[in-house]
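*Asks:* Dropping the sequence and predicted coords here.
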Amino acid sequence: MNLRSQRGTVLVAGLVILALLSLLGAASLLNATLDTQLTANQAVSKEAFYASEAGLDVASGALFGFVVQNLRAPNPATVPGWGTWITPALPIDGSDFNGYHVEYRISYQGTVTGGGQPRPYPFSSLDGGQQLNHQAYTYLLSSRATSLSVSGGAEQMSETIQLLETPLVQYYVFFDDDLGWHPGPEMRSWGRVHTNGDLGFANQHANGVTFRNYDDANQPTPCTITVAGRIRHQGHLQQDGTWGNRATSNVYVRVHNPGTIPSASGAASTANPDYVLIDTSIDGSNQAAQEQRFRDADDTYHVRVGVDRMPSASFQSLLRGGFYETEAGDPMREDVDGLVILSDPWRVVFNPFDGPSQDVTDLVAAYEVGFGVTANIDSWPVGARTNADGSLASTATPPVARTALYSPENLVETDEAGGAYAAAAGATANPSYPCVLERQDGREGREVDFTVVDLQRLQYWYRDYLDFRDGGGLDGSIDLSNRSLLIYVSRSRSGGGFVAGAGRGALQAVKLIGSEAGRTRTAVDRQVSPTLLVRTTLATDNPIYLEGDFNAPGHAGGSTSPGGVGCALISDAVTLLSNDWGPRFLPPTLGAVAPPYTGGTTLSRPTVTGRTTYNAAFFTGRHDFRGAPAGGEEAGIHNFVRFLETWGGRESAITGCLINLWFSRQAVGPHGLGYYSPPTRSFGWDRQFGNPSYWPPYVPSIYSMERTAWREE
């Protein structure tokens, strides 16, 4: 091959290689361009994704905020502004969130009631190995983000949320703050205990405190102690927020078949090997080892510290115009009737869930169910028919007018025969129906004006009223199985402040008559017939004074289920008056202490009762420090409900719940022993509150949300 031919071949090969290199360069340039574009697209997509996810967070926050603010699950279709896509405002400004327009939408995925309210479904979970029941609601949250620039992207996603409403009646004790537990006499309790602060045990009795599953092998009661802070062994809370110490602190927790129990003190239990002693403080430093000591054979932990705080309702819900007055005035649930009792002016309004409201002030006063139609009193149990003087009312001879509900604005001025009361010294009220606390409340240092609610008689009037309204007669055919009752009572002015009692500056309060014992005060007083016919919640922004056996026809001391119907009392404060309370007797003295006592006790009259039983969930305030501001000692859970009498060792039995979510605002007198001597306390949880069909309506709850499904659209 000649030289010219070789040169031509090299040229062609070079041109081919150059072409190939050009193609490779172009391909690399194209690939780099595509990578750059892909990276940019991924960045845009990720920005849109994060913007849309932020919209989901805002939506879940809006949903949860509504629930906490309104104490009920919403139907988004009926909430103003929630019917379509919503652009959130600050702090996340959905109109321009990092260059994206963000919107969210909330829809309810379940069925609704006739009134348009979401209908919940039952749901259960485990708390420390023990079952908690909830009312559950399912919502679909959707969010979309659209770029504000022409080169931006868009993203839409959704998630399914399960909202859980957990009524606090499933707790025996629930405190939203630090809790002291230091009774003098021995105290036995059962049921769940929780505090959002620290829990201090510093009891003053050698036998101390015993927490137990009630001794029933077939139906054990949940027994757990959960503390958001720490357990303080031998610690008691003082008024200035510090903790003091006391040497005695024997606290036993029943743990079924616990096995090996390491113990700092070497003392494993009392005579029963299932009882484990809390013998040291428990916090993060020893949490694992100590909690293990209280784990039973079923893997249930009965003592836990450092758990999440669980906030609930505030006192604002009790104020005039707040949640409870609003709901009682127009119940949003299809199984709830409302009753509003006010004193500015005196009036009673009934608000059924299935009909129009009616002013029933005159009907209740006269024990009538229709104008001129007397309630079927002959069908009432003897306890409800018994008048204050021991005589029996009947349909032909109704009780004295205005004795189911009365107050200083609505005095009872007739005797049991219906004649004008022979007033002494110019008085006009029948003393058998006092609406002013006799003398004064020693703790508060002032008299107390009452709106008195005889719940036993009021409930039987309510039954007959519905029966008459249902068919125009009193044939007993009314079905109460699908009904419950929300009662709101207040002596406060709608514009704020309290109604003054005859210029005395008296404390304004509500007095509940729980049974014949509270109405008659005879030597044979004990509750023998039901107080309540339907599940009932009574709410007031005022203090409550509860007189006589209440909602406990079984009235067995220490029983986990003394009969009755699910009941909740929600108030500023609660004072318990015994079966032997009697305003017509002089108060006793307590040693050499000057007697500011208010009512009769065992020392002022014969007693055959020995025990007064209260069956209810108490949601109420605390203001219970004793002594001077410096060094004053917190009164403790055993004085959470208040006393005014010389109990003389007689028994006060509470079966229900002791729930504290706020401080008292009206009854703010400091705790002290100058105006009462303590009863023997038998306090524990009503095991029936473990059944949702027993729950009173609209009780405060704790709320939580969890994501159950998520998808990118």
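*Replies:* On my side now, so go ahead. Numbers count the residues shown, from 1 in each chain.
*Asks:* Need the three-state assignment for the nearest residue to residue 67 once chain neighbours are set aside.
*Replies:* Take residue 67 and drop its neighbours on the chain: the residue closest to it by CB to CB, 6 or more residues apart in numbering is residue 703, 5.2 Å away. For glycine as for every other residue, the C-beta is placed from the backbone atoms N, C-alpha and C. Taking DSSP: H, G, I helix; E, B strand; the rest coil as the rule, one finds residue 703 in the strand state.
*Asks:* so residue 703 makes contact with residue 161?
*Replies:* No. Checked against CB atoms under 8 Å, the pair residue 703 and residue 161 is beyond contact range at 11.8 Å.
*Asks:* Can you pick out the residue with more neighbours from the two?
*Replies:* Legend: neighbour count by other CB atoms under 10 Å for residue 703 and residue 161, higher for residue 161 (22 against 17).
*Asks:* Excluding chain neighbours, what is closest to that one?
*Replies:* Leaving aside its chain neighbours, residue 161 sits nearest to residue 139 (4.7 Å; criterion: CB to CB, 6+ apart).
*Asks:* Contacts only, for the residue nearest to residue 67.
*Replies:* Taking CB atoms under 8 Å, 6 or more residues apart in numbering, we find residue 703 in contact with 64, 67, 68, 163, 164, 165, 166.
*Asks:* Spatially nearest residue to residue 459 (excluding sequence neighbours)?
*Replies:* residue 533 (4.8 Å).
*Asks:* quick one: pLDDT of the residue lying closest to residue 254 once chain neighbours are set aside?
*Replies:* The spatial neighbour of residue 254 that comes closest, neighbours along the chain excluded (CB to CB, 6+ apart), is residue 212 at 4.0 Å. We note a pLDDT of 78 for residue 212 in this prediction.
*Asks:* So in that sheet, which strands flank the strand ranked longest in the chain, and in what orientation?
*Replies:* Assignment by DSSP state E gives strand 130-147 as the longest strand of the chain. In the sheet, strand 130-147 lines up against strand 100-108 (antiparallel), strand 121-127 (antiparallel), strand 154-167 (antiparallel) (DSSP bridges).
*Asks:* CSV for the ones you listed, including mean pLDDT and distance to residue 659?
*Replies:* As requested, the strands paired with strand 130-147 are exported to CSV (pLDDT from 0 to 100; distance: least, CB to CB, whole Å):
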stretch, mean pLDDT, distance to residue 659
strand 100-108, 93, 29
strand 121-127, 90, 16
strand 154-167, 94, 10
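*Asks:* Reformat those as a markdown table; add distance to residue 511.
*Replies:* Output for the strands paired with strand 130-147, formatted as a markdown table (distance: least, CB to CB, whole Å):
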| stretch | distance to residue 511 |
| --- | --- |
| strand 100-108 | 42 |
| strand 121-127 | 36 |
| strand 154-167 | 26 |
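*Asks:* Name the stretch among those that sits most buried.
*Replies:* Ranked by mean neighbour count, the strands paired with strand 130-147 are led by strand 100-108 with a mean of 22 (mean count of other CB atoms under 10 Å).
*Asks:* gap between that strand and the chain center?
*Replies:* Strand 100-108 has its C-alpha centroid displaced from the chain centroid by 33 Å (CA atoms, centre = their mean, to the nearest Å).
*Asks:* hang on, the earlier thing: ok, the residue nearest to residue 254 - contacts?
*Replies:* By CB under 8 Å, 6+ apart, the contact set of residue 212 is 188, 189, 190, 221, 223, 253, 254, 275.
*Asks:* ok so, going back, select, out of the strands paired with strand 130-147, the one closest to residue 78.
*Replies:* With CB to CB, the closest approach to residue 78 among these belongs to strand 100-108: 9.7 Å.
*Asks:* pLDDT (mean, whole number) over stretch 291-300?
*Replies:* 85.
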